[in-house]
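Participant: Sequence and predicted structure below; questions after.
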Amino acid sequence: MKNLPTSSALDIELENQWLNVWFNQPEIRNPLTTERVNGLIDLCAALETRRDIRGVTFRGRGGIFCAGGDLKAFKSAFEGSREAVVELSLLGGRMFNAVNTLPQLTIMAVEGAAMAGGFGLVCTGDIVLTDTHTRYALTETMIGLNPAQITPHVLARLGSRTGRKLLMSAASFKGAEAVELGLADEVSDGTAAMDEAIARIQNQIFKCAPGAVAATKNLILSLPYLSGSEQTQLAADSFVDCLLGEEGREGVMSFLEKRKPNWVPVNTGEGS
């Protein structure tokens, strides 16, 4: 599909410059199998330079987002070497980081359940939409494990206070509370309402320059790890790159000429 890698663990649909990525094993609750993790890593690598793709929605078939890690793989680890288990964990970490740093805006459309690693994947999204009945929990400590690779993403999304509580206690909650806690941005009741929310966000993002969105996301992810002077320098360099680039010139001229910039689809209304 337009030079995007395929995986039997993912259903990929590209429509009107927007990519929909579906986890496609609802009969086993869409776990993060090794094949699915590798598929996501490969897909994210291909998307790094695809400014023609404006956003990505992650969703689960069968009304279930993701039940977390593949416990069968964990069981097989008992018979393997420590090095093999380390590599398995590192693979998961690379996947979470790859989704987190995608240059496109990402939507996590969460229905049914997002447990353990599935919860962590939710935390890597830019915008999180939840169904009112979706169940969430970081269940690792209940089976003698720690949340490991998802911990930095959970803390980045929820902050230390709420993150500590949920990471250690394995407490569960549903959609409305997910919004209250800051995990989700909006709550919907049913698939139709979720679809409408996605369409509304897409319409807004289509008004934004894809390169500027990518540059802004890079700032958001980079600035917290820099000193004050480094933040100032990176912000200045990034701003100049945007202003003097094709999008900056087009955006400024379109404003002065009272027309839409060339990245806005013709069917995107000002009042939408």
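Facilitator: Alright, I've got the coordinates.
Participant: Skipping adjacent residues, who's closest to Phe173 in space?
Facilitator: Tyr136 (5.6 Å; CB to CB, 6 or more residues apart in numbering). Backbone N, C-alpha and C define where each C-beta goes, glycine included.
Participant: what's the answer for Leu219, then?
Facilitator: Counting by CB to CB, 6+ apart, the residue nearest Leu219 is Ser238, at 5.9 Å.
Participant: and the residue nearest to Phe173, bridged to which residues?
Facilitator: Ala114, Phe173 (DSSP bridges).
Participant: show me what contacts it?
Facilitator: Counting by CB atoms under 8 Å, 6 or more residues apart in numbering, Tyr136 makes contact with Ala113, Ala114, Met115, Phe119, Val122, Ser172, Phe173, Lys174, Ala178, Leu183.
Participant: can you rerun that using 10 Å?
Facilitator: Tyr136 makes contacts with 65, 110, 113-115, 118-119, 122, 130, 166, 171-175, 177-178, 181, 183-184, as judged by CB atoms under 10 Å, 6 or more residues apart in numbering.
Participant: Specify the local secondary structure of the residue nearest to the spatial centre of the chain.
Facilitator: Taking CA atoms, centre = their mean, the centroid of the chain lies closest to Gly125, which sits 2.7 Å from it. At Gly125 the chain is in coil, as set by DSSP: H, G, I helix; E, B strand; the rest coil.
Participant: residues near the spatially closest residue to it that is not a sequence neighbour, how many?
Facilitator: What sits nearest to Gly125 in space, not counting adjacent residues and going by CB to CB, 6+ apart, is Met108, at 3.5 Å. The number of residues packed near Met108 is 26, by other CB atoms under 10 Å.
Participant: same check, this time on the one 4 residues further on
Facilitator: A count of neighbours around Gly112, defined by other CB under 10 Å, yields 20.
Participant: residue boundaries of the helices in the stretch 151-272 of the chain?
Facilitator: With DSSP state H, counting those that start in this stretch as the criterion, the stretch 151-272 of the chain has helices at 151-169, 175-181, 191-205, 210-222, 228-244, 246-256.
Participant: Which one of these lies nearest to Pro103?
Facilitator: Minimum separation from Pro103 across these (CB to CB) falls at helix 210-222, 3.6 Å.
Participant: Only the buried subset of the contacts of Tyr136, as a ChimeraX command please.
Facilitator: The following ChimeraX selection, which keeps only the buried ones among those, applies the criterion 16 or more other CB atoms under 10 Å:
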select :65,110,113,114,115,118,119,122,130,166,175,178,181,183,184
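Participant: Okay, the residue nearest to Gln231 when sequence neighbours are not counted and Gln233: tell me how far apart.
Facilitator: Excluding the flanking residues, the one nearest Gln231 by CB to CB, 6+ apart is Leu223, at 5.0 Å. Between Leu223 and Gln233 the distance is 11 Å, computed by CB to CB, to the nearest Å.
Participant: swap in Thr101?
Facilitator: For Thr101, the distance to Gln233 - CB to CB - is 21 Å.
Participant: List the buried residues in the least confident helix or strand in the chain by mean pLDDT.
Facilitator: For the chain, counting by mean pLDDT, DSSP states H and E, helix 71-77 ranks last in confidence among helices and strands (a mean of 83). Buried residues in helix 71-77, counted by 16+ other CB under 10 Å: Ala73.
Participant: do the same with stretch 21-39
Facilitator: For stretch 21-39, a neighbour-count test (16+ other CB under 10 Å) marks 21-26, 29-33, 36-39 as buried.
Participant: In helices, which of the residues you listed fall?
Facilitator: Arg36, Val37, Asn38, Gly39 (DSSP state H).
Participant: what's near enough to touch the third one?
Facilitator: When contacts are counted by CB under 10 Å, 6+ apart, Asn38 is found next to Pro5, Ser7, Ala9, Leu91, Arg94, Met95.
Participant: Using a markdown table, lay out the residues you listed together with pLDDT.
Facilitator: Formatted as a markdown table, the contacts of Asn38 follow (pLDDT from 0 to 100):
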| residue | pLDDT |
| --- | --- |
| Pro5 | 96 |
| Ser7 | 96 |
| Ala9 | 97 |
| Leu91 | 97 |
| Arg94 | 99 |
| Met95 | 99 |
